[in-house]
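Asker: just the structure for this:
(2 chains)
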2 protein chains.
Amino acid sequence: MAAYSPPLDDLDFVLHDVLRVSEAAIPGYDQLDRETTAAILAEAGRLAAEALAPLNAVGDREGCRLENGVVRTPAGFKAAYDAVAEGGWIGIDLDPDYGGQGMPHLLNTAVGTMHAAANMALNMYWGLSHGAYNALHEHASEALKATWLPKLVTGEWSGTMNLTEPHCGTDLGLLRTRAEPQEDGSYRITGQKIFISAGEHDLTDNIVHLVLARIPGAPAGVKGISLFVAPKFLVNPDGSLGDRNALSCGKLEEKMGIHGNATCVMNYDGATGGLVGEPHKGLRAMFTMMNEARLAVGVQGLAQADAACQIAASYARERLQGRAAGAPANPDGPADPLIVHPDVRRMLMDQRAFVEGGRAFVLWACMLIDAHQRGGDAKADALVSLLTPVVKGFLTDKGFDATVQAQQVFGGHGYIEETGASQFVRDARIAMIYEGANGVQALDLVGRKLGADGGKPIMGFFEEVKAFIKDNEADERLKADFLDPLKAASKDLQAAAMHFVQTIKTPNVALAGSTDFLHLFGHVCLGYMWARMGQAALAGPEDDFRRAKLATGRYYMARLLPATALHLARIRSGDEVVMALPAEAF
Amino acid sequence: MAAYSPPLDDLDFVLHDVLRVSEAAIPGYDQLDRETTAAILAEAGRLAAEALAPLNAVGDREGCRLENGVVRTPAGFKAAYDAVAEGGWIGIDLDPDYGGQGMPHLLNTAVGTMHAAANMALNMYWGLSHGAYNALHEHASEALKATWLPKLVTGEWSGTMNLTEPHCGTDLGLLRTRAEPQEDGSYRITGQKIFISAGEHDLTDNIVHLVLARIPGAPAGVKGISLFVAPKFLVNPDGSLGDRNALSCGKLEEKMGIHGNATCVMNYDGATGGLVGEPHKGLRAMFTMMNEARLAVGVQGLAQADAACQIAASYARERLQGRAAGAPANPDGPADPLIVHPDVRRMLMDQRAFVEGGRAFVLWACMLIDAHQRGGDAKADALVSLLTPVVKGFLTDKGFDATVQAQQVFGGHGYIEETGASQFVRDARIAMIYEGANGVQALDLVGRKLGADGGKPIMGFFEEVKAFIKDNEADERLKADFLDPLKAASKDLQAAAMHFVQTIKTPNVALAGSTDFLHLFGHVCLGYMWARMGQAALAGPEDDFRRAKLATGRYYMARLLPATALHLARIRSGDEVVMALPAEAF
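Answerer: Next comes the predicted model:
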């Protein structure tokens, strides 16, 4: 039922007409001409539609099974994983020194928007490898890199991130897993980690666990946490697999969704591991990879919305129910299709305007990452650092809402599992939680990112938006529909930021308004993207694609962007009303 | 894990301090003195907490099973159902002529808020009996009533509503099930019905199905639909059970939630049924019972939010993670409880302010039903008819949002099924869909209810709100915090209604703005309830309960009610932006 149609035209438009990637002065972007990206994305889309999407419902229904310490993934997952690995998709943007293809991160993300839409649970297996690769590539010794990276890139091995323990998730300073140094320079790791995605499975020959732990005598709190690499199977000096390491999956969690991904309780019983980077600097190592990981989770929110929106639109076009208010659209049939009803159209437009705006937003953010990583652009780094919690929080909150709306289009048929609408809701739900719950993203945004470098990053954002408006406001076609609403929304964001500056001595004001600020910011970002897309659409030939783009953009500006005023009002209502009730009263 | 604590203090406050039920000039309300309601609600609450809530997770996990045509409900459901039936809870507000206790509908709803919170899937079995009872009581012949009603009241038999068919849900005019008249005055019913809640189960000796079908030669569309009663077992003239009727459950649906309730495909293969009311007037019969059924679904949304909010608050008080921005709240422990964090507090306050406001709203609506049904108050009838889609749509949309927020408080622990947070989300989701999807509620509101009787009902609502503000604005404690925001929100609602009047020649304007109008209206209703609760709280002794009530009310007025302006802005953006994209572009 839930076929997936890769949004190739839209990706092409965003990359080339909006972001104009091949003209960007970013090393490696000269590879990204329209023909090359079209060929790569078409192939990635084909894989998504033909190999991954058909297994999405299978994965949900079968889930993973733990039998005698071995986790069995759903039928077909292994073959699909192998096709992805053999196609070289895992290493698109990874270092050629370790077998990667060295393409821009942007391209990997464009591919990821489709793979995460087609099958989020399956896509996570190599998504996590990507994360583990990044942590090792950035922080590990050459010896460790030589051991672990090549096979993570080929997909022969996969990776995981072991942070959470039963008593601590966000507050990693509390973690208890310990790593005792051995005479040979290795460490023996003992403790329990929970919620470990892809902690154990049957897709690869080995699993490379990155584990946060304390070395005895380490300082208390977050300053005493170190990062280790501990594989499922130890690796012999010749690269062959050796003994089973002293770590195992103790349990699979029963979850609301992403059933096809094994969420493991991992027990470390004196497992052998190697230190990654310096002792006690493990959290820093984790943080350097977080920008990318958080953007990837933002992509999941967007991707689930895309997939859900597609099946909702198909259903609304096919299902006959009721009649249009004016002339019937299907006079010879027993009823008109659902899509004639303005309230159904409203739901579909909400989803579509979010998905297209969000797609541009996340690709723009990845372009900033490339500008920094490939071009050394410090300003781009500061901006994407500011935007990262917004991408993660806004795209996953709104992505989830979009899946709920898509389900609503189906009526009762959306509540039964058969149509697939429920799975998108259940799968999308986790993206609001993991890789830092969205409240933590909001805290990061107002507590760390907003004031970074004296507020220069957000001032830079405002200047960029202002310059865009100024450069384009002579175009009457853009001004009223796109630029004026963007200007108003941007002013709301500035007022909110200013309110936090003025109340800086009462940190609870910013904290109580943090989620509203994140959403306000997200709306301005999507509004900015829509203005840029509107401008690009008007600059091109007047075809169906561009007409639809303009109509969808006008919808966003008229009906979704005005939410900024509400978020500002809430922020201005302050912290007292939020904190008035004593904890005991709950 | 998910213990349920009956909100007895709050029910007492709403009934006696806000609605002042025992002083109301409604026949039968003199029974509702504080002592009586306290005793009844305490007993209902005990049943909810001790008998129903412990089976909530069991029902979710086990679900129902269809084996050889027989549906097995989850372990413990039968005993709990029997306790409910034996306690007389099914017939609280039903006609004493048929064994009911004849109490006001209001009291039944107050009980229902707790039973639906404790175990929605189980509560539905007798909730549906209540619906079937009402349809029969209102429309059936004396003979049919004598046959069916007494055992529906005792709970020995249960009831169902059979409307939906595979090709039609909302658009009942398309239905195909046919009923052929027999010489003995009975009918033979043939067709397939889907999504039939409690269509088959093992809780009762018989199941009384109300079925919409067409008599041969009936007019096309909704004017040719008749209502029938067809039992699982035919009943002999002496009241004993006879042969199995020619109807059966063909399949149980796999659903996102309410696993403990059997959602059946029902096959009618020439089943014997009796005509209820007049031929071809079946839809009217269904509609007369819809107000109550829709309010009951609104109660479900509210109730799931209540239950989810309770476990979220407990978790936030217990789970230690991070430190407060100022002085630590738990200096001797490793971390502070989650509840110190303003963003966690914001989530809990959102939920609490909605739940308490919604509880008052639905009880007020039920009081209007009683005023009409017991006191013949036509104005109350018109008002509750207007408010019904708002109760259903707003309380289920916002109730679902509240369950999602409650789940978010748990972080990763909310995504695994163990904590119970996921079940509240999955169960609450259906309430937005069934008994008329919320888009249909919005259509009913702007298409039928708003313009009814020249708009008198909504004018009456505005007058009531205005009078309340005028009567109380001398009280400075109420004015700024409660009455001014209510006045502003009420003006937004008036402006929205006026906008629809001005654009009446373009029906798509109201249709495209219908859901926003429903939400705008819902916020004004909850704002009005909060103003009344604020007034009642200030009139009483200054205790912890009333202090918390005022703080929660101020939160609603300051942070949630301002959403009215956004809804108005969306409504004013009109229909063109919603309908601009051609259907083929989706």
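Asker: CA atoms only: put stretch A:246-253 into PDB for me.
Answerer: Extracted in PDB, the C-alpha atoms of stretch A:246-253 (Å, rounded to 0.1, in the frame of the first residue of the first chain):
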ATOM      1  CA  ALA A 246      32.600  -9.800  26.800                       C
ATOM      2  CA  LEU A 247      29.500  -7.800  25.800                       C
ATOM      3  CA  SER A 248      26.100  -8.900  24.900                       C
ATOM      4  CA  CYS A 249      22.500  -7.800  24.200                       C
ATOM      5  CA  GLY A 250      20.500  -8.600  27.400                       C
ATOM      6  CA  LYS A 251      17.100  -7.600  26.100                       C
ATOM      7  CA  LEU A 252      15.300  -6.000  23.200                       C
ATOM      8  CA  GLU A 253      12.900  -3.200  24.100                       C
END
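Asker: now it: mean pLDDT?
Answerer: Stretch A:246-253 shows a mean pLDDT of 98.
Asker: likewise for stretch A:417-429?
Answerer: Mean pLDDT, computed over stretch A:417-429, is 97.
Asker: buried residues in that stretch?
Answerer: For stretch A:417-429, the neighbour count (16 or more other CB atoms under 10 Å in any protein chain shown) marks A:417, A:419-429 as buried. (Glycine included, C-beta is placed from N, CA and C.)
Asker: need the max-distance pair from the residues you listed.
Answerer: For the buried residues of stretch A:417-429, the maximum inter-member distance is 17.6 Å, found between A:419 and A:429 (CB to CB).
Asker: and the residue lying closest to residue A:63 once chain neighbours are set aside, which of the three is it?
Answerer: What sits nearest to residue A:63 in space, not counting adjacent residues and going by CB to CB, 6 or more residues apart in numbering or on different chains, is residue A:259, at 3.8 Å. Taken by DSSP: H, G, I helix; E, B strand; the rest coil, the conformation at residue A:259 corresponds to coil.
Asker: and the one helix or strand residue A:496 maps to, anywhere near chain B?
Answerer: Using DSSP states H and E, residue A:496 falls within helix A:484-502. No: for helix A:484-502 and chain B, the contact criterion (CB under 8 Å from any CB of the partner chain) is not met; the two come no nearer than 10.2 Å.
Asker: elements contacting that helix?
Answerer: Helix A:484-502 is packed against helix A:456-472, helix A:507-512, helix A:514-539, helix A:563-572, with contacts defined by 3 or more CB pairs under 8 Å, 6 or more residues apart in numbering or on different chains; DSSP states H and E.
Asker: run the chain-centre distance for it.
Answerer: Remark: helix A:484-502 is offset 26 Å from the chain centroid, using CA atoms, centre = their mean, to the nearest Å.
Asker: buried ones in that helix?
Answerer: Neighbour-count burial for helix A:484-502 flags A:485-490, A:492-494, A:496-497, A:499-500 (criterion: 16+ other CB under 10 Å).
Asker: what does stretch A:333-341 give?
Answerer: For stretch A:333-341, a neighbour-count test (16+ other CB under 10 Å) marks A:335-341 as buried.
Asker: contacts for the helix holding residue A:496?
Answerer: Outside helix A:484-502, the residues that touch it by CB atoms under 8 Å, 6 or more residues apart in numbering or on different chains are A:446, A:450, A:455, A:458, A:462, A:465-466, A:469, A:509-510, A:513, A:516-517, A:520-521, A:523-524, A:527-528, A:530-531, A:557-558, A:561-562, A:564-565, A:567-568, A:571-572.
Asker: please redo it, this time with the cut-off set to 7 Å
Answerer: Helix A:484-502 is contacted from outside by A:446, A:450, A:458, A:462, A:465, A:469, A:509-510, A:517, A:520-521, A:523-524, A:527-528, A:531, A:557, A:561, A:564-565, A:568, A:571-572, using CB atoms under 7 Å, 6 or more residues apart in numbering or on different chains.
Asker: chain B next: which of those residues are close?
Answerer: Filtering these for proximity to chain B (criterion: CB under 7 Å from any CB of the partner chain) leaves residue A:565.
Asker: which residues touch residue A:514?
Answerer: Residues near residue A:514 by CB under 7 Å, 6+ apart: A:442-443, A:445-446, B:343.
Asker: before we move on, what about residue A:21?
Answerer: Listed by CB under 7 Å, 6+ apart, the contact set of residue A:21 reads A:15, A:29, A:32, A:106, A:367.
Asker: among those residues, which ones are in helices?
Answerer: Judged by DSSP state H, the contacts of residue A:21 include A:106, A:367 as members of helices.
Asker: reformat the contacts of residue A:21 as JSON lines; add distance to residue B:53 and neighbour count.
Answerer: Putting the contacts of residue A:21 into JSON lines (distance: CB to CB, whole Å; neighbours: other CB atoms under 10 Å in any protein chain shown) gives the following:
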{"residue": "A:15", "distance to residue B:53": "53", "neighbour count": "23"}
{"residue": "A:29", "distance to residue B:53": "59", "neighbour count": "23"}
{"residue": "A:32", "distance to residue B:53": "57", "neighbour count": "25"}
{"residue": "A:106", "distance to residue B:53": "51", "neighbour count": "29"}
{"residue": "A:367", "distance to residue B:53": "52", "neighbour count": "23"}
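Asker: of the contacts of residue A:21, which is the nearest to chain B?
Answerer: Using CB to the nearest CB, residue A:15 comes nearest to chain B of these, at 21.2 Å.
Asker: verify the stated contact: the closest one with residue A:37.
Answerer: Yes: Residue A:15 is in contact with residue A:37 according to CB atoms under 7 Å; the separation is 5.7 Å.
Asker: quick one: average pLDDT of the helix holding residue A:496?
Answerer: On average, the pLDDT along helix A:484-502 is 97.
Asker: tell me the angle of that helix relative to helix A:514-539?
Answerer: Between helix A:484-502 and helix A:514-539, the angle formed by their directions is 150 degrees, by axes from the mean of the first three to the mean of the last three CA atoms, to 10 degrees.
Asker: with respect to residue B:149, which of the contacts of residue A:21 is nearest?
Answerer: residue A:15 (67.5 Å).
Asker: tally of neighbours for residue A:575?
Answerer: As a burial measure, residue A:575 scores 21 neighbours (other CB atoms under 10 Å in any protein chain shown).
Asker: same check, this time on residue A:410
Answerer: Neighbourhood size, residue A:410 [other CB under 10 Å]: 23.
Asker: distance check, the nearest residue to it once chain neighbours are set aside against residue A:307.
Answerer: Counting by CB to CB, 6+ apart, residue A:410 lies nearest to residue A:421, which is 5.0 Å off, once chain neighbours are set aside. Distance of residue A:421 to residue A:307, computed by CB to CB, to the nearest Å: 10 Å.
Asker: any buried residues in stretch A:180-194, and which?
Answerer: Here stretch A:180-194 shows A:186-194 as buried, counting by 16+ other CB under 10 Å.
Asker: can it be said to contact chain B?
Answerer: No: counting by CB under 7 Å from any CB, chain B is not contacted by stretch A:180-194; separation bottoms out at 7.8 Å.
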